[in-house]
Each structure stands twice: as C-alpha cells, then as structure tokens.
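Undergrad: Just a sequence and a predicted model for now, questions to come.
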Amino acid sequence: MKQIYLRVALDTPLDSSFDYRWTAQESGTEETALPQVGQLVALPFGRQEVVGLILDVLEETTVPEAKLRDVFAVRHELPPLSQEWLALCRFAADYYQRPLGEVALPALPKNLKVLKTVSLQRAIKKLAKLADASDVRPASQPALNDAQQSAVDAVVNTPGYAAHLLFGVTGSGKTEVYLQTAAKILAQSDDAQILILVPEINLTPQLEAHIRARFPGLMLSTLHSGMAEGERMLHWLAAHTGRARIILGTRLAMLASVPRLKLLIVDEEHDPSYKQQEGLRYSARDLAVWRARQLGIPVVLGSATPSLESWHGAQTGRYRLSELRERAVQDAVLPVIKLINLEREKPSDGLTQRLIAAIKLRLEKGEQSLLFLNRRGYAPVLACDACGWISNCTRCTAHLVLHKGDHRLRCHHCGLEQRIPRSCPTCGNIDLQPLGRGTQRMEESLAAIFPEARVFRIDADSTRLKGSAAAAFERVHAGEVDILIGTQMVAKGHDFKHLTLVAALNPDAALFSQDYRASERLFAQLMQVAGRAGRAAQKEGGNLSEVLVQTRYPDHPLYHALMAHNYPDFAADMLQERQQAHMPPFMYQALLRAEAKELETAIAFLKEAASATDHIGIMINDPIPMTMTRVANVDRAQLLVESASRPALQAFVKEWIASLRAMKSRVKWSVEIDPVDI
Ligand code: ADP
Ligand code: ZN
Ligand code: ZN
C-alpha cells in the first residue's frame, strides 16, 4: 500500500499550509490515481470537513505520524489547476501579505468547495453537452482607422510580454481595437484564450453583446459577482478547461484559471473598482500586468484618462503608448465643455437657467440629456432650523441620508435605518427641512420643471433588484427616456447614441478633498461622463453636443484642462505635484489600519506598532484617525508607511506583520499594500 503526504492550502487566516496523509486504496487490480499538485481534496480540519488545494506531493513530512490525518477524497473529476495559476496566487499572497489559502480558495467558485461533488459533475456534464464552439473567425469587421490599426499592430507584432497603454478619447473606438486584436491573437494559435476585464457588472452586457456578435462561433464565458453559483461554476469551468476562448469579467475574473491565456485586456484601467476593498485588497489591474509578464504575453490597458501610475509608466517607457485622438464615428466630435459660474448664476432647485434652457433645446429635438450628480437619496441630511439638530448616524461619523420615497433616514455606511421623524427629536419643531440635493430630489424637481418629459433615474437605489440595472440602461438606449439623472453608475462606458447634453450638477466637493487622489478621480469621472455626449454623428438640424459643468470655481485648473479635453497636460501637472510631494507613483505605500471601540485604543496600538520597528529607507508616519473615524460603532485609525523602493517596503512589511502578530493585541488590524483610499 503506497503512502504519501499532501501539502495543502486551506482557507484559514493561519499563515501556513498543512500536511495530510494519503494512502492508495486497491480496488480490484487497479490502483487509484496518484494525487497531483493543483487538485482539490476533501479533508478533515478540526471538527469540520473542508476542501483544500494540493500544493505539493511529498514522500515524507516532518509532521509526526500521530498528528497526521488522512484526506477523504481527491477530486479527480476536475483537471488540476495549473502551475501558472498557482504562481499567480502565490505572488498575490506574497505581495498583498496574505496566506496563500486565503487567496487561492476564495478565487474558486463556491460550488467547487462543497463536499458533495454533484454540482461539479452536473456542470461537467452540462459543459460536455454544449455544442462545439471553437470557430474563432470574426463576423465582418469594420475597417479600422489608422490610429486604431497601429494600436492593433503594436500588440500583435510584439512577441512576448509587453504592456500597452491604449490612450483613446471617449468614443475613439477602443472596443474595436480590443475586438480586432482579439481576432488576431485567436487566429495565431488554435487554443488561445483571452481575458477581458471591465470595471463594473453593468458594463458586461454591452461588451458581451459586441463580442457575441463579432465571434458568433466561439464560446464566451462571463465572470462577475452578480451570477448565481451554478452559473458561476459552469462559466469558471468553461475557462478552466480551455473551452471558453474569451472570458469577460469584473476584477474577480483576474484570479480565474485560464490555462491557455494569450492576451489580457483591461478596459477603463484607471477605474477604482479594480481595487478590491476588503479581504485580499488586490488591484486587478496590477495583477493583470504581473500575469502578462509571467506568461510572456501582451496586456492592453485602455482608458481615456489613464491612472497616473500607468501614464507615468508610459512616459518612462515601461509601457508602450498607443493613442487614439479622435472619435471613430465619422462626424462625431468631442462635445464642447462649458462652465456655468454658480456665483453669478444662482440655481434654483440645483439647476441654473442656462442648464434648464439647454435641456429644453434637447426636448424640442427629441434628444436626450444626462444629468450627473454623484449623491444618491433625496437629500444628504435632514435638519431643524429652530435648534440646529441634524440627522447624524448614531454609529458613524456620517449623516443619515433622507430617502423620501420609502420614508426612511438611512446611513450609507453602516446601513442604520430610521423612520423619518415627524418632529425634531431635540426641540419638537415639526418643520424639518432637507438640506442639499440627491438624485431622488433632482428627479422630483426635473419632473416638476419638465412635466412633459420622461425623467428617469439610475443609481444604486433604483437598480437594487437583480436585472433591473440592465433593463434601465436598455430603456435609455431604446430612446424611452428624455432626461436621465444618475450617479457615477451612468458615467462609465455606456454608448448612448441619442445623448447630446451632459451636465455635472455639483462636482466641486472633490476639488478640496483631503484624499490626494480626489482630483485625479474627479477629472476621470467628468471626462467619462462628458464622453457620453455626442457619440453618434450630429443630426441635420440637431443640437451640437455640449457638456455643462455647474461650479463655484470656474478658474480651477482642473476645469480648464477638462474644457480643453487635455488629459496629458492635466496628468503632467499632477505627476509633477506628486513628485514634489513624494507621493505615488514616486513612492510606494502600505497602510496599517486599526479598529477599536475607542479611538485611543486604536491609536495606542498604532503607536506601539510604529515604535516596534526601525528600518533604513522606510518612512513611518504618525498614526491618525481615519477621515471617517467611526463606522458602525467602531473607531478607525491608520498609519502610513512609505518607501521609495518597492522591494524595501515589501521586505519591511513582511517582518513588520510578524512582529504585529507577536504583539497579540486585541485590536483588529489589517495591512493594505498600495492603498488607494487614504
Ligand atoms: P470607446 O470605447 O473608445 O469610448 P467605442 O469603442 O465605444 O469607443 O466606439 C465608439 C463608436 O465608434 C462605436 O459606435 C463604434 O461602433 C464606432 N467605431 C469604432 N471603430 C470604428 C471604425 N473603425 N469605423 C467606424 N466606426 C467605428
Ligand atoms: Zn429642533
Ligand atoms: Zn452609520
């Protein structure tokens, strides 16, 4: 009887892998197949039964025989995960300082990790029954313009690893570059797979439709968090077995098993949604670049407003820059961007006369308007004029937002909900007033000002039900909406054809945020939302497309760069500032966060953490409370460490985490590498 040992990774916070015993069972004359690295295995852990991932198959182990336990069963039905995939997980675990098991196992569909294998067997059967879908020939492709053609050529003519930054203004036809690059790569080898990332679930249906129309004979798999588990399993398996040739997904798809990956595409690469904000706080964009390098394949990062990191990468030659300066559709031109000075033109109900007139012009010609207000709810706060009471969340450093439709005050951070009080809780005044404006209130005002118009709102509240977001965007595309009001949900990526007016109602707040990335984000957001206008050729007698920005600071350089559609100048200024201030991308950062019932406890922990160590080339800042200090009755503080050298920072953080563990503090803490929200 052959006996070997399996080293497995488990989804536990303990920073180690575990050894188990495996004994061959003789069934008749046939011996059971030997376990292999990359297979899943069911085994006992404490009193539970769990599924682990085989990292190593060993002849011997240092674990004493008495302590060893036997595995239950190896999942032979599932082809092993590849060495490349394991290496990707190992890198992510190492770089983001998490145990490997906490990276690799959560990256697998839930149904793979249950003990019963029925759903796996069902998915394998279902996949086998699907018709052959390996015809990679594209349906008819439009002729590319010169800029698009050189972007495609740059990718397909460069063998091996290369990171390409595709910098193309909104509507310049980046999607077409992705599709035709994909067609070429698919034609180069008979089993190539391509992974395409989009920042948001809501953008998958649009791109999915394009891909299906372009490659009718090919299997496409989609991966995002909105899928039912059964579906997710099937799509994951299609990618893992190599049958799906194009895999389209959100950031979580970056950790999918794609064994014959030949091209990576990250659309809207600057988008903050590529950063996971809990658990393994990875950047899917950064992992894409790492994965491409590891595999020796091209990665395409596309954006109209690249992240400063990527722009810097292109300036310094680490990335290859391809530029699309003009809109692809004949006679579609970039919209004119104008500022409306709120100091001079006082708005009523949040709308200036000039904006109202501009909307009227659109209504007359049957064109659409999009109003962008990045604040959902009716009003950000309810207040009492008589005594100064305002609706604060009792558990967070935040206001309770007024949601008029369902008669609720709601905290957007901890979820606390209350009925709207009839009178002031402090003085009894019954005349409570909403302060400020959210999308619901704007929707109400717009309906009152334009009773004949079809006003429609899209935000996280209006699209809570599964499938409702897709249906909402469909209505806009179908021309059933005259005035669309929405949050950043409507700003990104959508190719609205009938839209000739875009307005940003109140974007100023981000200009003065403490977050040093706020202006970079604001610029990207406004460029994106502006880019929704005028994507089709201008109609005979129709309105010119324009973008109106209501602001109190019309002289701000950010708005001037915006009006000039000048991302490169804006980026150059920002990079210069960052360099002078020693900030990323000229500096590498890690953030230690601490949470406690009392702020002092969290700060004291961070102080101790700061003093526990002393390193050359590492700068340790003072602990500070987080901007939003309290969330759900927990106080939060943070400590930033910086270094001009990434390897130095990595080495330091590794040791530091070990010493923090040794402190055995009761404070809950976590370390984030390359933090974006600080
Ligand atoms: P982006 O992603 O850069 O914002 P899209 O890829 O959505 O832009 O393209 C904008 C529009 O231009 C789409 O309607 C698309 O069909 C069209 N388009 C793209 N490339 C071409 C081309 N070479 N010739 C004609 N139209 C094109
Ligand atoms: Zn009062
Ligand atoms: Zn709260």
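TA: Everything's here; your move. Ligands and ions are numbered 1, 2, ... in the order given.
Undergrad: Give me the contact list for the helix or strand containing residue 471.
TA: Element membership of residue 471, judged by DSSP states H and E, is helix 468-477. Under the contact criterion Cβ atoms under 8 Å, 6 or more residues apart in numbering, helix 468-477 has outside partners 201-202, 205-206, 368, 456, 458, 462-463, 481, 484, 489, 494, 496-497. All C-beta atoms are positioned from the backbone trio N, CA, C, and that covers glycine.
Undergrad: Let's see that with 6 Å instead.
TA: With contacts defined as Cβ atoms under 6 Å, 6 or more residues apart in numbering, helix 468-477 is touched by 202, 205, 458, 463, 481, 484, 496.
Undergrad: With stretch 284-294 instead?
TA: With Cβ under 6 Å, 6+ apart, stretch 284-294 has contacts from 88, 161, 163, 251, 254, 264, 266, 269, 274, 299.
Undergrad: What is the distance between the helix or strand harbouring the first one and the centre of its chain?
TA: Under the criterion of DSSP H and E, residue 88 resides in helix 83-95. On the basis of Cα atoms, centre = their mean, to the nearest Å, helix 83-95 sits 20 Å off its chain's mean C-alpha point.
Undergrad: and it, C-alpha only, in CSV?
TA: Only the C-alpha atoms of helix 83-95 are listed here, as CSV (Å, rounded to 0.1, in the frame of the first residue of the first chain):
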residue,chain,number,x,y,z
GLN,A,83,1.4,25.8,-12.1
GLU,A,84,0.9,29.3,-13.6
TRP,A,85,-2.3,29.8,-11.7
LEU,A,86,-0.7,28.7,-8.5
ALA,A,87,2.2,31.0,-9.2
LEU,A,88,-0.3,33.9,-9.7
CYS,A,89,-2.0,33.1,-6.4
ARG,A,90,1.4,32.8,-4.7
PHE,A,91,2.5,36.1,-6.0
ALA,A,92,-0.7,37.8,-4.9
ALA,A,93,-0.5,36.2,-1.5
ASP,A,94,3.1,37.3,-1.1
TYR,A,95,2.7,40.8,-2.4
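Undergrad: Just give me the neighbour total for residue 218.
TA: 21 (other Cβ atoms under 10 Å).
Undergrad: What's opposite it in the beta bridge?
TA: Counting by DSSP bridges, residue 218 forms beta bridges with residue 134.
Undergrad: list the contacts for it?
TA: 133, 136, 245.
Undergrad: on that earlier part again, could I get the average pLDDT for the helix holding residue 471?
TA: For helix 468-477, mean pLDDT is 92.
Undergrad: Then stretch 82-100?
TA: In the prediction, stretch 82-100 has an average pLDDT of 96.
Undergrad: Kindly report the same for stretch 585-605.
TA: On average, stretch 585-605 scores 96.
Undergrad: Same check on stretch 197-204?
TA: Mean predicted confidence for stretch 197-204 is 91.
Undergrad: Please apply the same query to stretch 365-377.
TA: 95.
Undergrad: Stretch 496-516 too?
TA: On average, the pLDDT along stretch 496-516 is 91.
Undergrad: Of all the residues in that stretch, which ones are buried?
TA: By 16 or more other Cβ atoms under 10 Å, the buried positions in stretch 496-516 come out as 496, 498-508, 510.
Undergrad: Convert the C-alpha atoms of the helix or strand where residue 362 lies to PDB, please.
TA: Using DSSP H and E, residue 362 maps to helix 353-365. Extracted C-alpha coordinates of helix 353-365, given in PDB (Å, rounded to 0.1, in the frame of the first residue of the first chain):
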ATOM      1  CA  GLN A 353     -31.500  78.900 -16.000                       C
ATOM      2  CA  ARG A 354     -28.800  78.200 -18.600                       C
ATOM      3  CA  LEU A 355     -29.000  74.500 -17.900                       C
ATOM      4  CA  ILE A 356     -32.800  74.500 -18.000                       C
ATOM      5  CA  ALA A 357     -32.700  76.200 -21.400                       C
ATOM      6  CA  ALA A 358     -30.200  73.700 -22.700                       C
ATOM      7  CA  ILE A 359     -32.400  70.800 -21.600                       C
ATOM      8  CA  LYS A 360     -35.400  72.400 -23.300                       C
ATOM      9  CA  LEU A 361     -33.500  72.600 -26.600                       C
ATOM     10  CA  ARG A 362     -32.900  68.800 -26.300                       C
ATOM     11  CA  LEU A 363     -36.500  68.100 -25.600                       C
ATOM     12  CA  GLU A 364     -37.600  70.100 -28.600                       C
ATOM     13  CA  LYS A 365     -35.400  68.000 -30.900                       C
END
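Undergrad: who's in contact with it?
TA: 340, 369, 453, 482, 500, 501, 503, 542, 543, 548.
Undergrad: Not counting its neighbours along the chain, what's nearest the second one?
TA: What that stands for is residue 369. Leaving out its chain neighbours, the residue that sits closest to residue 369 by Cβ to Cβ, 6 or more residues apart in numbering is residue 501, at 4.2 Å.
Undergrad: Are we agreed that the one you found is in a strand?
TA: Yes. Under DSSP: H, G, I helix; E, B strand; the rest coil, residue 501 falls within a strand.
Undergrad: Looking at strand pairing, list the partners for it.
TA: Beta-bridge partners of residue 501, as defined by DSSP bridges: residue 369, residue 546.
Undergrad: quick one, what contacts it?
TA: Contacts of residue 501 (Cβ under 6 Å, 6+ apart): 358, 362, 369.
Undergrad: again with residue 336
TA: Residues in contact with residue 336 (Cβ under 6 Å, 6+ apart) are residue 546.
Undergrad: please redo it, this time with the cut-off set to 8 Å
TA: 544, 545, 546, 547.
Undergrad: coming back round to it: dump the contacts of residue 501 to JSON lines, plus neighbour count and distance to residue 434.
TA: Below are the contacts of residue 501 laid out as JSON lines (neighbours: other Cβ atoms under 10 Å; distance: Cβ to Cβ, whole Å):
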{"residue": "358", "neighbour count": "20", "distance to residue 434": "26"}
{"residue": "362", "neighbour count": "23", "distance to residue 434": "28"}
{"residue": "369", "neighbour count": "29", "distance to residue 434": "24"}
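Undergrad: Without its sequence neighbours, what residue ends up closest to residue 513?
TA: residue 519 (7.8 Å).
Undergrad: Spell out the secondary structure type for that neighbour.
TA: Looking at residue 519 with three-state DSSP, the answer is helix.
Undergrad: Is it in contact with residue 508, as I believe?
TA: No. Residue 519 is beyond contact range of residue 508, at 11.3 Å (criterion: Cβ atoms under 8 Å).
Undergrad: hmm, back to that, contacts for the helix holding residue 88?
TA: Applying Cβ under 8 Å, 6+ apart, the set of residues contacting helix 83-95 is 37-38, 55, 98-100, 102-104, 107, 255, 257, 259, 280, 282, 287, 290-291, 294-295, 650, 673.
Undergrad: Quick one: residues contacting the closest residue to residue 583 other than its chain neighbours.
TA: Among residues not flanking residue 583 along the chain, residue 516 sits closest, at 6.1 Å (Cβ to Cβ, 6+ apart). Taking Cβ under 8 Å, 6+ apart, we find residue 516 in contact with 578, 581, 583, 678.
Undergrad: secondary structure class for residue 516?
TA: Applying three-state DSSP: residue 516 is coil.
Undergrad: Any chance of the backbone angles for it?
TA: Backbone torsions for residue 516, taken as degrees, to the nearest 10, come to phi -70, psi -10.
Undergrad: Check the gap between it and ligand 3 for me.
TA: Distance, residue 516 to ligand 3, using Cβ to the ion, to the nearest Å: 26 Å.
Undergrad: Thanks a lot, catch you later.
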